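[1] what's the 3D shape of this:
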Amino acid sequence: SPDDLADLYAVDAVHEFPFAAPGFPPCFTGREEVRAGYRAAWGGSPVTVRDIRDVVVHETADPAVLIAEHVVVGTLPGPEATVTVPGLLVLRVDGAGRLAHVRDYMDGYGVAAARGHGVPDNASGGDLHERSPADD
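    Residues are numbered from 1 along each chain as shown. Next up, the predicted model:
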């Protein structure tokens, strides 16, 4: 939930989207902006998230910084379609273990597909395709 997510952030945290999709802000500043921003984004999205797959966490030389790869898998309503959005997060935590700074790299074509704008499968790593039994 947006509330559970925001509670992981420091009060003055920054969450950046270097490759922000059209209509998406380049940054959320502060825990409450993270909360409001994700509430609006997730509440306005036609996608139901079904799974987060292929999570790989990479440690760095700085113990306060982690890099995480993941793929969000969801479905669109109506004629059911599966949407996949690969992403990479660079996370910095503060001394209290809260997220202080996040750089969130999402696949823009995957985000467009998740918003219901059909994007060709070969446009990028994200795809939009008809569901099949193999998707379940």
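
[2] contacts, neighbours, all on C-alpha from now
    Fine.

[3] For the helix or strand containing residue 89, name the packing helices and strands.
    According to DSSP states H and E, residue 89 maps onto strand 81-93. Judged by 3 or more C-alpha pairs under 8 Å, 6 or more residues apart in numbering; DSSP states H and E, strand 81-93 is in contact with strand 65-76, strand 99-106, helix 108-114, strand 127-130.

[4] Select from the ones you listed the stretch with the lowest mean pLDDT.
    Ranked by mean pLDDT, those bottom out at strand 127-130, which scores a mean of 39.

[5] before we move on, back to that, give the partner strands of the strand holding residue 89 in its sheet and their orientations.
    strand 65-76 (antiparallel), strand 99-106 (antiparallel), strand 127-130 (antiparallel) (DSSP bridges).

[6] and residue 97, how many neighbours?
    12 (other C-alpha atoms under 10 Å).

[7] what kind of secondary structure is it in?
    The three-state label given to residue 97 by DSSP: H, G, I helix; E, B strand; the rest coil is coil.

[8] Residue 34 now?
    Per three-state DSSP, residue 34 ends up helix.

[9] What count of nearby residues applies to it?
    23.

[10] Hmm, it is touching residue 15, no?
    Yes - with contact defined as C-alpha atoms under 8 Å, residue 34 reaches residue 15; the gap is 7.3 Å.

[11] Now the common contact residues for those two.
    Jointly contacting residue 34 and residue 15 under the rule C-alpha atoms under 8 Å, 6 or more residues apart in numbering are residue 28.

[12] gap between residue 48 and residue 62?
    Distance from residue 48 to residue 62, counting by C-alpha to C-alpha, to the nearest Å: 35 Å.

[13] Tell me which of these two has more neighbours.
    More crowded of residue 48 and residue 62, by other C-alpha under 10 Å: residue 48, with 15 against 8.

[14] Okay, and the beta partners of that one?
    Residues in beta-bridge contact with residue 48 (DSSP bridges): residue 75.

[15] Same check on the one 10 residues further on?
    Bridge pairing for residue 58 (DSSP bridges) gives the partners residue 67.
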